[in-house]
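1. 3D, please:
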Amino acid sequence: MNTVLYFSPSGAAYETRAYTAADIAQLVDNHGLQCLTSADRQFDFWFTSSTRRCQRRANRIATELLLATTSFTARTVPLLRGHVVVATHDSDGDLDGLSWQQLDLLAQKGRSLTSREERILNRRFARDERRQRRHRSVNATAEVKLLRRNTDELTGPVAHRRGGQSAA
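-> You can find the predicted model right below:
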């Protein structure tokens, strides 16, 4: 049984099964899979870098676990976005399920962040959220301008024809 952990951007974590990379691609809703491996080569973090607009929110729990299991610092750890799957691999490099010991180790490492690391990550997440909000408002403004322009084109002067001739 290939037990993997699935982290949603909303903060929920689920234990599920995956047997191939295609199963993981289906879980993260994309086919452009990328993988980062922990420092001890025990955990694989599967994610996609090309997330849809609705999935651009940073995945806090997965990012914190990546920080706790790798040699990244709180300043250098990539902010994982969208859905993230944590699994492991066998000696041949094929996808394998997490054991109960590995699940316990992940839970322990998830609680091992220092207050300094948490503070730095909180600042990075807040900055990222502000950037995303700004980006959304710029896009919304551009969409409103486009709608206004299209509406103006539709409600502009109309040439009426009488008997096959235009009234101008």
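2. Could you list the residues in contact with stretch 60-74?
-> 7, 11, 13, 36, 38-40, 42-43, 45, 47, 77-80, 84, 86, 106, 109-110, 112-113, 116-118, 120-121, 124-125 (C-beta atoms under 8 Å, 6 or more residues apart in numbering). C-betas here are computed from N, CA, C, even on glycine.
3. Now, those that are in helices?
-> Within those, residues falling in helices by DSSP state H are L106, K109, G110, R116, E117, E118, I120, L121, R124, F125.
4. ok, the last one - contacts?
-> Listed by C-beta under 8 Å, 6+ apart, the contact set of F125 reads A58, R60, L79.
5. and if we set it to 6 Å?
-> F125 makes contact with A58 under the criterion C-beta atoms under 6 Å, 6 or more residues apart in numbering.
6. how far away is it from E64?
-> 10 Å (C-beta to C-beta, to the nearest Å).
7. Touching, A25 and C35? I think so.
-> No: at 11.3 Å, A25 does not count as touching C35 under the criterion of C-beta atoms under 6 Å.
8. Settle it for me: which of those two has more neighbours?
-> The residue with more neighbours, out of A25 and C35, is A25; 17 against 14, by other C-beta atoms under 10 Å.
9. Figure out the helix or strand that that one lives in.
-> Assigned by DSSP states H and E, A25 falls within helix 21-27.
10. Only the buried residues of that helix, if you could.
-> D23, I24, A25, L27 (16 or more other C-beta atoms under 10 Å).
11. mind checking how far Q42 is from N122?
-> 27 Å.
12. Those two: who's more crowded?
-> Legend: neighbour count by other C-beta under 10 Å for Q42 and N122, higher for Q42 (16 against 12).
13. Could you give the number of residues near the residue nearest to that one when sequence neighbours are not counted?
-> Nearest residue to Q42, sequence neighbours excluded (C-beta to C-beta, 6 or more residues apart in numbering): T88, at 6.1 Å. The tally of other residues near T88 (other C-beta under 10 Å) stands at 19.
14. Any of the ones in helices among the contacts of stretch 60-74 buried? List them.
-> Using 16+ other C-beta under 10 Å, the buried ones in the ones in helices among the contacts of stretch 60-74 are L106, K109, E117, I120, L121, R124, F125.
15. ok now the helix holding A25, how far from the chain's centre?
-> Mean C-alpha position of helix 21-27 versus that of the full chain (C-alpha atoms, centre = their mean, to the nearest Å) differs by 15 Å.
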